[in-house]
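Asker: Give me a model of this one.
(2 chains)
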Amino acid sequence: MNALEVVDLTLRAGSFAVQEVSFTVGEGEYFVLMGMTGSGKSLLLKAVCGLARIARGRVTLHRRDVTALEARFRNIGYVPQDGGLFPHLNVLHNVLFPLTVAGLKPVPARAAVEGIVACLGLEKLLARSVAYLSGGERQKVALARALARKPELLVLDEPVCALDEPTRRDTCRELRRVQKEFGVATVHVCHSRDEAALVSDRVGIMCEGRLVDIGTLEELATRSEHAAVQRLLNWN
Amino acid sequence: MNEPQEAIPLAAPRSSEPRAKSRVGRPPEEQLRPAGRRLNRLCLVSGGMLVLCVLVVVGLVTADLFYLLSKDLPLADIGKLFTARAVVRAMKLSLLTSLLTLALVVVTAIPAGYALSRFRFPGRALVNALVDVPIFLPPVVVGLSLLAFFGFGLGSSLKQALSGVGISLVSWIGIVLCQYVMTMSYGIRSIKAAFDAAPRDLEHVAYTLGCSPWQAFWRVSLPLARPGMLAGCILVWARGIGVFGPLMVFVGTGPRVQVMPTMMWLELSVGNIEVSLAIALIMLVMAGAGLTVVHFLLGDRSFL
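Answerer: All right, here's what the predicted structure looks like:
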């Protein structure tokens, strides 16, 4: 069964449009959406999460049609580019946020996230203000918060783009490890072939609002003749 | 063997003299100075201006104090000025009405400022401009407009209905109304700015974490906008307690509606400058106390 199924998704933002995008993400699969800046990757992610109004198409999560659902009812863990941490809360309260919103008291909420906190090695950071976290730590906290709700799908919008190269590699490996441990289907947006190589099971290439090809990196590198695919896979 | 070609300059120098100044207009030796020394000039100018502003405030306060002391009034008499029944009543009325106005402004300006900050709707630019109108109107015009509003039509009916249940507009209600109209724009403007500074993306993240729009507002946007809102509250309260013009026109200067600014004016108009200055000093003390409270609420302990 597919964790995510996107069918003919079309939406517009100003003069730009994402057009007739269709793809699936299998259970436990790590799917990477690659594309140049302005190709519509982030807009597509927002539509999947319910944060952008779609004109046409369908989004299903484990065969549940969520197209008309508000973002809060979709149960998708979303991590934006900068982590999107709440600066008025410390690390612990950021991680507990989705559980306290759901009505859990602090003590059971804390118990519920113990595993995630331990898995990501956040124990020493819990009392810290998010203003004093490094880029990598911010992403870990954002990931822990997104996982706290036990999401059906994890959506990462360029989660490591602001990090230096060694930290980026470490964070990518960490992402892949955590994703495997929790077995959650993941969509990860990036524009780096190396990043995709570190984490992806399959890759989809976006160009000017369209999904032009899907496959493993090796398949795409050998079979695709699309200029955008070649440009993305061969530039670095 | 070819002669090496002379490099062609991209742009010929304007004169053969060495350039005294660099591209950015500073002599080279000045560019070599440590950054700290160049910064000092900026520090000097900005620090000087800051001192000037502080001196204006301190100068005005000390002028009030020295004027009172120079009158050779016994200390007991000066003390009596501060505890005179009329002064205390005006102070209580000013405090009560300005705090009530602040509460009203907060209750209305938070949703209004949020709507202006977050929503795009037809006529938004017009609404945005209309909200600012009371800021630009001369205060007396606000009083006149209130008189006109309650003089006919719907306003008149409302006034009569209130009179029917024993409520007169020439009371604390009228004072609050004047203060509200005069300060509402400041409240909306500053609270809108506070919400503008709170990233919209964080609300989106909150939605994906299970928040309804209300929950995202209470749990994310409002706490993030808090410092800006508190600063706006200082402004609203300070403006409210100092409202004078509309009160003179709309509620008058009767003993039951004398707030500190109107009382100060009345005393001044009959030559009681000492009482006026006593009221001025009370207002200064209240402003200082209010500022201290707000800085405490903001968590800025360094203020003291």
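
Asker: Skipping its backbone neighbours, what lies nearest residue B:283 in space?
Answerer: Of all residues not flanking residue B:283 in the chain, residue B:260 sits nearest, at 5.7 Å (C-beta to C-beta, 6 or more residues apart in numbering or on different chains). Bear in mind the C-beta positions are built from the backbone N, C-alpha and C, glycine included.

Asker: where exactly do the strands run in the chain?
Answerer: You didn't say which chain, so I picked chain A. For chain A, the strands defined by DSSP state E occupy A:2-13, A:16-26, A:30-35, A:56-61, A:64-65, A:76-79, A:153-157, A:185-190, A:202-207, A:210-215.

Asker: Contact partners for residue B:212?
Answerer: Residues near residue B:212 by C-beta atoms under 8 Å, 6 or more residues apart in numbering or on different chains: residue A:72.

Asker: Could you verify my assumption that residue A:162 touches residue A:135?
Answerer: Yes - the criterion here is C-beta atoms under 8 Å, and residue A:162 meets it with residue A:135 at 5.4 Å.

Asker: of all the strands of chain A, which lies closest to chain B?
Answerer: strand A:76-79 (4.0 Å; C-beta to the nearest C-beta).

Asker: what number of residues lie near residue B:163?
Answerer: 11 (other C-beta atoms under 10 Å in any protein chain shown).

Asker: Can you add mean pLDDT and distance to chain B and give the strands of chain A back as JSON lines?
Answerer: Output for those, formatted as JSON lines (pLDDT from 0 to 100; distance: least, C-beta to the nearest C-beta, whole Å):
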{"stretch": "strand A:2-13", "mean pLDDT": "92", "distance to chain B": "13"}
{"stretch": "strand A:16-26", "mean pLDDT": "93", "distance to chain B": "17"}
{"stretch": "strand A:30-35", "mean pLDDT": "93", "distance to chain B": "17"}
{"stretch": "strand A:56-61", "mean pLDDT": "94", "distance to chain B": "13"}
{"stretch": "strand A:64-65", "mean pLDDT": "94", "distance to chain B": "16"}
{"stretch": "strand A:76-79", "mean pLDDT": "94", "distance to chain B": "4"}
{"stretch": "strand A:153-157", "mean pLDDT": "94", "distance to chain B": "8"}
{"stretch": "strand A:185-190", "mean pLDDT": "94", "distance to chain B": "13"}
{"stretch": "strand A:202-207", "mean pLDDT": "92", "distance to chain B": "21"}
{"stretch": "strand A:210-215", "mean pLDDT": "91", "distance to chain B": "22"}
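
Asker: Same list (those) but as TSV, adding mean neighbour count.
Answerer: Shown next, in TSV, are the strands of chain A (neighbours: other C-beta atoms under 10 Å in any protein chain shown):
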stretch	mean neighbour count
strand A:2-13	18
strand A:16-26	18
strand A:30-35	26
strand A:56-61	18
strand A:64-65	11
strand A:76-79	27
strand A:153-157	25
strand A:185-190	26
strand A:202-207	24
strand A:210-215	18
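
Asker: hmm, who's touching the helix ranked longest in chain A?
Answerer: Scanning chain A for the helix with the most residues, using DSSP state H, yields helix A:165-182. Contact with helix A:165-182 is made by A:28, A:30, A:119-120, A:134-136, A:139-140, A:143, A:147, A:154, A:156, A:159-160, A:163, A:186, A:188, A:194-195, A:198-199, as judged by C-beta under 8 Å, 6+ apart.
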